[in-house]
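**Student:** 3D model of this:
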Amino acid sequence: MKIEKQICPSVLSADFSRLADEIRAVESAGSKILHLDVMDGHFVPNLTFGPIIVKAIRNLTNQVLEAHLMMTNPGDFLKQFRDAGADTILIHTETCPHIHRELAMIRDLGAKAGVVLNPGTPADILKTLLPHIDQVLFMSVNPGFGGQAFIPEVLEKIQNWASVLHDNDIIIEIDGGVNLSTIDQIKAAGVDYFVAGSAVFGNEDTNRAFRSLQSRLP
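**Tutor:** Okay, the predicted model is just below:
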């Protein structure tokens, strides 16, 4: 399966006072996937939004919505996020002791299932998850806040798993520190989806910022 490389704007960095305009800006620039950072204030030291905002965003766009659940108990909310309009649901291996069950639930709800690995989490767990996932998100910052510095050591972890994941038609995504200075080395590691927050929405011209990043991915 050939995977089209995509910049996935992270809505967390958008101006929520003009969210509809922000989403239109990246959509008109060619964005196909929006990344939604859901933080519960427990697993990560920040609190963002829940299914109500996901539903509001769903009403604003036809783009694919991927909900990244940075939560201690994501299994309790999978149906709510799917009902709100999430097309892909990403859950952390660190918070899911029964992760096969949660992944099965996501697929049973009709969404694509993905797992997330923090920078310090070994990737060995992926060996038992390959048949159950559509996507792997490698965090290249510690989750919780946007605008953090990129952790380059994560690239070696991705390189070690890129061929295995792609052989199983699994999308490789990265989140953290993606910008014009880092995107080339990230792309070389085998990444397919690139979550970008402040590098897109933190600019005066959001449309142009997105196009500048996406143009580096042919």
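
**Student:** what's the next secondary structure element after the helix or strand of the chain with the lowest mean pLDDT?
**Tutor:** For the chain, using mean pLDDT, DSSP states H and E, the weakest element among its helices and strands is helix 198-201, scoring a mean of 95. Secondary structure here is assigned by DSSP states H and E; on that basis, the next helix or strand after helix 198-201 toward the C-terminus is helix 206-214.

**Student:** please verify my assumption that L69 contacts F77.
**Tutor:** Yes - L69 is within contact range of F77, at 7.1 Å (criterion: C-beta atoms under 8 Å). In this view, the C-beta of every residue, glycine as well, is placed from N, C-alpha and C.

**Student:** contacts for the least confident helix or strand of the chain, please.
**Tutor:** Contacts of helix 198-201 from elsewhere in the structure, counted by C-beta atoms under 8 Å, 6 or more residues apart in numbering, are 7, 9-11, 13-15, 22, 26, 146-147, 178-180, 206, 209-210, 213.

**Student:** just the buried ones out of those residues, please.
**Tutor:** Members of the contacts of helix 198-201 that pass the buried threshold by neighbour count (16 or more other C-beta atoms under 10 Å) are listed as 7, 9-11, 13-14, 22, 26, 146, 178-179, 206, 209-210, 213.

**Student:** among the residues you listed, which are located in strands?
**Tutor:** Among those, the members found in strands (DSSP state E) are 7, 9.

**Student:** list the contacts of the residue sitting nearest the centre point of the chain.
**Tutor:** Geometric centre of the chain, nearest residue: H35, 5.1 Å, by C-alpha atoms, centre = their mean. Taking C-beta under 8 Å, 6+ apart as the contact definition, H35 lies against 8-11, 66, 68, 175, 195, 197.
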